[in-house]
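Student: Next input, structure requested:
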Amino acid sequence: MISISFSELTQLFGHIWWPFMRCTGFVLIAPILGDKLIPMRFRLLVAFLIAIIISPMIKDVPAMNPFSIEMILYSTYQMIFGFALGFAFLLFMTIFTMAGEAISMQMGLSMAMMNDPINGVSIPIIGRLFMVLSSLLFLSMDGHLVVINTLTDSFRYWPLMGSFPFDNIYHVLEMVTWLFTSALIIAVPAIIVMLLSNTTFGFMSRAAPALNIFALGFPMTMLLGLFALLLSVAGVGDVYLNFVLEMNEHMQYMLRLNS
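Tutor: Here you go, the predicted structure:
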């Protein structure tokens, strides 16, 4: 009769539990999966399936008493790892929301707001449009596979018994800088068109003071903004692909900092 000791049983349990905790922290905040519209049961099921797939690749699994305080602390520790990875990907998806907000302000549509179920706040309608577009592009370019691959690599570079990679905090700040720069790159064409149109209307109001510039300027600004938005969206695919590749480089660099 095969006998299994308690330590061996807890180690077998840890092969699933520790990856599950890290994956749970990841899916709770990661883009698309972290959407509040997705049921919590489905997110936990996705985390459990990813943990089962990853578990054979994990080495040096700690054997702990499942009813101890150490188990609770270490589970929280693994969830923080997952949150850190998911937050980095969430920053990437925020690029297009920020670009849409900048375009909305220039078009005069900043008052047209929609509820953002992911962040629990209201954002301009153009920002929401860009968010949906970026999510569809992310899935069409196999971005979800990049996410799962990065999550798998995290167990190799950030092992279960390893310390928290505090060196990555500085690189996360660099990613925030990259975030604002990338959002500006996307929004620049539309912003330039809006600035030129506003400058033109300013000259018109000086040349013809009797002209009701507000009655003419607002609809014209919206039309020009929609035209600039059409031009921006037409070329966003190639730009988005470059952003995905650059994001993957950022994430791989963050993982290797601790190795």
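
Student: What lies in contact with stretch 126-138?
Tutor: Residues from elsewhere that reach stretch 126-138 (Cβ atoms under 8 Å, 6 or more residues apart in numbering): 31-32, 93, 95-101, 103-104, 107, 109, 114, 116, 118, 123, 143-144, 186, 229, 233, 236-237, 240, 244. From N, CA and C alone the C-beta is placed, and that goes for glycine too.

Student: Then stretch 183-198?
Tutor: 94-96, 98-100, 102-103, 106-107, 130, 217, 220-221, 224-225, 227-229, 231-232, 236, 239.

Student: of those, buried ones?
Tutor: Those of the contacts of stretch 183-198 that meet the buried threshold are 94-96, 98-100, 102-103, 106-107, 130, 217, 221, 224-225, 228-229, 232, 236, by 16 or more other Cβ atoms under 10 Å.

Student: quick one: pLDDT of the residue nearest the centre of the chain?
Tutor: With distances taken as Cα atoms, centre = their mean, residue 90 lies nearest the centre of the chain, 1.9 Å away. Looking at residue 90, its pLDDT reads 80.

Student: doesn't residue 30 make contact with it?
Tutor: Yes: using Cβ atoms under 8 Å, residue 90 is in contact with residue 30, at 6.6 Å.

Student: What is the three-state secondary structure of residue 201?
Tutor: Using DSSP: H, G, I helix; E, B strand; the rest coil, the three-state assignment for residue 201 comes out as helix.

Student: Run a quick neighbour tally on it.
Tutor: Counted with other Cβ atoms under 10 Å, the neighbours of residue 201 add up to 18.

Student: Roughly how far does it sit from residue 224?
Tutor: Note on residue 201: its distance to residue 224, by Cβ to Cβ, to the nearest Å, is 10 Å.

Student: what bits of the stretch 1-150 of the chain have low per-residue confidence?
Tutor: Flagging of the stretch 1-150 of the chain using pLDDT under 70 yields the residue ranges 1-11, 62-66, 108-123.

Student: Now do the strands in it.
Tutor: Under the criterion DSSP state E, counting those that start in this stretch, strands of the stretch 1-150 of the chain are mapped to 113-116, 121-124.
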